[in-house]
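Give me the fold of what follows.
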Amino acid sequence: MTQPSDPSIQKDVILVTGSSGLIGSAVVHKLGLLNTVIGFDRAGPPYPPEEAVCITADMTDKASIEQALAEVRERFGNRIASVVHLAAYYDFSGEPSPLYENLTVQGTKHLLEALQSFEVEQFIFSSSNLIYKPTTPGHPLDENAPLDPAWDYPKSKVETENVIHQQRGQIPTVILRIAGAYNEMGHSVPVVHQIQRIYERTLTSHFYSGDTASGNAYVHIDDVVDAIRLTIEQHHQLAPETVFNIGEAKPVSYGEIQETTGQVLYGTDWTTIELPKLLAKAGAYAQDLVGDPFIKPWMIERADDHYELNIDKAKQQLNWQPRYTLMTTLPTIIKNLQAHPDLWYKVNGLELPSELQ
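Numbers count the residues shown, from 1 in each chain. The predicted structure is shown next:
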């Protein structure tokens, strides 16, 4: 085994892919004080936090992955306590992209192949609750629930979970099926767009093409980081292959977000009318002709989908449970929009309307 040249190898070495991303940065901050954290990321900004040793790695390029791991071996030795694999492609528009295959699926395959010559004690993969077949209120989904990914993003997660099973070799693996992540500035794509429509008083903010009582599972980014930390700390007690749901047990409905947003912004409930799907689709297609609205025709088909998670396994085996809820955090998200609209729009990747500039 190559001898490490860096004295910090006395700490556990943790490799984080996608280390400059929203969750990746938070993981680096959390783990960087007590561990040697190596951040794999693309060249150029944004960069991983300063707590990480940054190594350039293009996860779509097998040779780049192998070269980056060769640098890890040279500087830190052959033992890696945990690989936290967060790098993946995500586009909520639903548009197809070769990056789902090249980055999420094949990138994971090449990474696992290159890790076989290391002493890897654990490989953690961030999957999604959206891989499940939707359920109905009061019937939470556990880790054995049927899978039915509806669009390219969750489909790529299912394919990658299968790749991990096939390619892991002797590396113990943990798959975290993570709910929609948010923090006090928003960051959850459907939530921030819903708030944006009400804030701007758009006509579409008053209409919905599904059951407003249907909801989704969410989880605060700090709770995701805690789940990853606990998964690493307890890796010796976990099965060689295991899966955990990571999310809040109580889903949040479209109607609840509408009502809370209206109350915080304007002191009144926001009138919401449920539209027939055919009419909603026609409206969405018409909007597509004149711009690039967030509501796409394919989303209308999924408007009734309900995701509710059973998190008992994570509670029992990881001693994890969420400390936050979206419903208690939502007023803070909205108040941050009111206080700093320029910043809120920027961090959520939204274009500030001319009348608000």
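
mind showing which ranges of the stretch 51-200 of the chain have poor pLDDT?
By pLDDT under 70, the stretch 51-200 of the chain has no low-scoring segment.

excluding its backbone neighbours, what's nearest residue 62?
The shortest distance from residue 62 to any non-neighbouring residue, by C-beta to C-beta, 6 or more residues apart in numbering, is to residue 110 (4.3 Å). To be clear about C-beta, it is placed using only N, CA and C from the backbone, and glycine gets the same treatment.

what residues are up against the residue nearest in space to the middle of the chain?
Most central in the chain under C-alpha atoms, centre = their mean is residue 181, positioned 5.7 Å from the mean C-alpha point. Counting by C-beta atoms under 8 Å, 6 or more residues apart in numbering, residue 181 touches 22, 23, 187, 188, 218, 219, 220, 221, 224.

count of residues packed around the last one?
When neighbours are counted by other C-beta atoms under 10 Å, residue 224 registers 25.

Just say helix, strand or coil for it.
Following DSSP: H, G, I helix; E, B strand; the rest coil, the label given to residue 224 is helix.

and stretch 95-103, how far from the chain's centre?
Centroid displacement of stretch 95-103 relative to its chain, using C-alpha atoms, centre = their mean, to the nearest Å, is 16 Å.

mind checking the end-to-end distance for it?
From its first residue to its last, stretch 95-103 covers 16 Å (C-alpha to C-alpha, to the nearest Å).

And residue 71, which helix or strand is it part of?
According to DSSP states H and E, residue 71 maps onto helix 62-76.

How far does that helix sit from its chain's centre?
Going by C-alpha atoms, centre = their mean, where helix 62-76 is centred and where its chain is centred differ by 26 Å.

For it, which helices and strands make contact with it?
Applying 3 or more C-beta pairs under 8 Å, 6 or more residues apart in numbering; DSSP states H and E, we find helix 62-76 packed against strand 13-17, strand 36-41, strand 52-56, helix 106-115.

among these, which is nearest residue 354?
strand 36-41 (34.7 Å; C-beta to C-beta).

Run through the residues that contact the nearest residue to residue 147 once chain neighbours are set aside.
Once flanking residues are discounted, residue 147 sits nearest to residue 131: 5.2 Å by C-beta to C-beta, 6+ apart. Contacts for residue 131 were tallied using C-beta under 8 Å, 6+ apart; they are 147, 148, 149, 154, 157, 158, 161, 177.

tell me the mean pLDDT for stretch 11-18?
Confidence for stretch 11-18, expressed as mean pLDDT, is 96.

domain assignment for the protein?
The chain breaks down into these structural domains: 10-179+218-246, 189-216+251-307+324-347 (assignment by automatic domain parsing).

just so I have it, where are all the helices in this structure?
With DSSP state H as the criterion, the chain has helices at 22-31, 62-76, 99, 106-115, 152-167, 189-199, 221-233, 254-266, 277-290, 297-301, 312-318, 326-339, 341-347.

now those in a markdown table, with distance to residue 248?
As requested, the helices of the chain are exported to a markdown table (distance: least, C-beta to C-beta, whole Å):
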| stretch | distance to residue 248 |
| --- | --- |
| helix 22-31 | 16 |
| helix 62-76 | 34 |
| helix 99 | 29 |
| helix 106-115 | 27 |
| helix 152-167 | 19 |
| helix 189-199 | 13 |
| helix 221-233 | 8 |
| helix 254-266 | 13 |
| helix 277-290 | 28 |
| helix 297-301 | 22 |
| helix 312-318 | 11 |
| helix 326-339 | 7 |
| helix 341-347 | 22 |
